[in-house]
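Asks: Got a sequence here, can you model it:
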Amino acid sequence: MQRVSITEDMSYSRLIHGLWRLADWKQTKEETLELMEYNLDLGITTFDHADIYGSYTCEALFGEALALKPSLREKMEIVTKCGIVLPSKNRPEHKSHHYNTSREHILTSVDHSLTNLQTDYIDTLLIHRPDPFMDGEEVAAAFTQLKKEGKVRHFGVSNFKNHQWTMLQSYLDFPLVTNQLELSAIQLENFEDGTLNVCQEKRTAPMAWSPLGGGDIFHSNDEKAVRLRDSLHRVKDEIGADGIDQVLYAWLLAHPASIMPIIGSGKKERVLQAVRALDYQLNRDQWFDILQSSMGHDVP
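Replies: Numbers count the residues shown, from 1 in each chain. Take a look at the predicted model:
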């Protein structure tokens with residue numbers, strides 16, 4: 001498995017396993033452990049979480065599985081996120097859906113995550129969404145305290161635009177290490193508005209959530225989806241891929257920004273399909289064929 005250097009002392013696997021649907025998979029903890037080991041055997045060592053996933057249950061489900069074989073912890077990188085507040089029976093104190101990036105909330109969220117994941121440190125903590133009420137000084141104070149205490153090793157953001165990244169970074173004495181973005185052939189916003197360019201400028205590899213476009217490409221009769229699906233099938237046949245999902249992964253993997261797609265499936269065969277996408281190389285003609293099909297017009 002390819003690796004992407006995040007800092008001088010840490011790297012992620014090029015493909016990341018996402019656990020946001022873990023509660024929906026209805027697995028026993030033994031089955032979750034088996035899936036965890038399956039990923040590790042394939043070279044996928046980075047696992048993506050957020051405190052809110054599964055209405056605040058997914059981290060604990062992962063932690064229960066990890067507790068069956070604690071030695072696996074040193075073989076993986078755990079990423080988790082905080083900052084979104086959701087009303088939930090598992091958080092009865094939450095009265096409304098909003099964002100909270102206060103120092104107190106970040107510190108409390110991390111303590112919850114450490115307990116739920118049954119680990120004593122998080123490799124990377126991300127602020128889940130830009131908070132219009134964010135106080136950069138408070139966030140920096142929380143990050144600095146967590147780093148000093150050894151609870152979190154590195155920090156990043158998710159869904160941030162350049163001005164939001166720059167503001168937060170200005171308060172920190174250490175670099176933000178990644179930006180988790182919605183990136184796919186069907187969702188081009190972060191390609192078109194310069195967000196991905198800024199990742200390259202900062203030499204910061206982004207993580208890609210929903211790399212398959214939420215599945216719309218596979219079944220939607222929307223004009224854009226149909227147009228893009230035709231292009232993906234054409235490229236699939238040219239490169240000899242097994243399915244257009246592999247082409248979608250390969251399209252992201254080909255980009256020079258070192259994009260790290262997040263695989264959101266609990267099915268081993270889907271994970272393996274994604275890993276095999278690493279074997280396929282798209283040339284520039286094929287890459288732009290897909291891009292222009294998504295845009296619905298030629299590049300200028």
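
Asks: List the residues that contact residue 27.
Replies: For residue 27, the contact set (CB atoms under 8 Å, 6 or more residues apart in numbering) comprises 35, 61, 266. Glycine gets a C-beta too; all of them are placed from N, C-alpha and C.

Asks: now do residue 251
Replies: Contacts of residue 251 by CB under 8 Å, 6+ apart are 185, 282, 287, 290.

Asks: can you redo the residues you listed as CSV with secondary structure?
Replies: As requested, these are exported to CSV (DSSP: H, G, I helix; E, B strand; the rest coil):
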residue, secondary structure
185, coil
282, coil
287, helix
290, helix
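
Asks: Could you point out the longest helix of the protein?
Replies: As assigned by DSSP state H, the longest helix anywhere in the chain is helix 223-239.

Asks: which other helices and strands contact it?
Replies: helix 216-219, helix 244-253, helix 284-295 (3 or more CB pairs under 8 Å, 6 or more residues apart in numbering; DSSP states H and E).

Asks: Tell me which of the ones you listed lies nearest to residue 275.
Replies: With CB to CB as the criterion, residue 275 lies closest to helix 244-253 of the helices and strands packed on helix 223-239, at 9.0 Å.

Asks: Would you mind checking the average pLDDT for that closest one?
Replies: Here helix 244-253 scores 98 as its mean pLDDT.

Asks: now that helix and helix 223-239, what's the angle there?
Replies: Here helix 244-253 points in a direction 90 degrees away from that of helix 223-239 (axes from the mean of the first three to the mean of the last three CA atoms, to 10 degrees).

Asks: Just put the helices and strands packed on helix 223-239 in CSV and tack on distance to residue 9.
Replies: Output for the helices and strands packed on helix 223-239, formatted as CSV (distance: least, CB to CB, whole Å):
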stretch, distance to residue 9
helix 216-219, 38
helix 244-253, 24
helix 284-295, 33
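
Asks: which stretch among the ones you listed comes nearest residue 123?
Replies: helix 244-253 (22.0 Å).

Asks: Can you spell out which helices and strands pack onto the following helix or strand past the closest one?
Replies: Counting by DSSP states H and E, the element after helix 244-253 in chain order, helix or strand, is strand 260-263. Helices and strands touching strand 260-263, by 3+ CB pairs under 8 Å, 6+ apart, are strand 16-18, strand 207-209, helix 244-253, helix 268-276.
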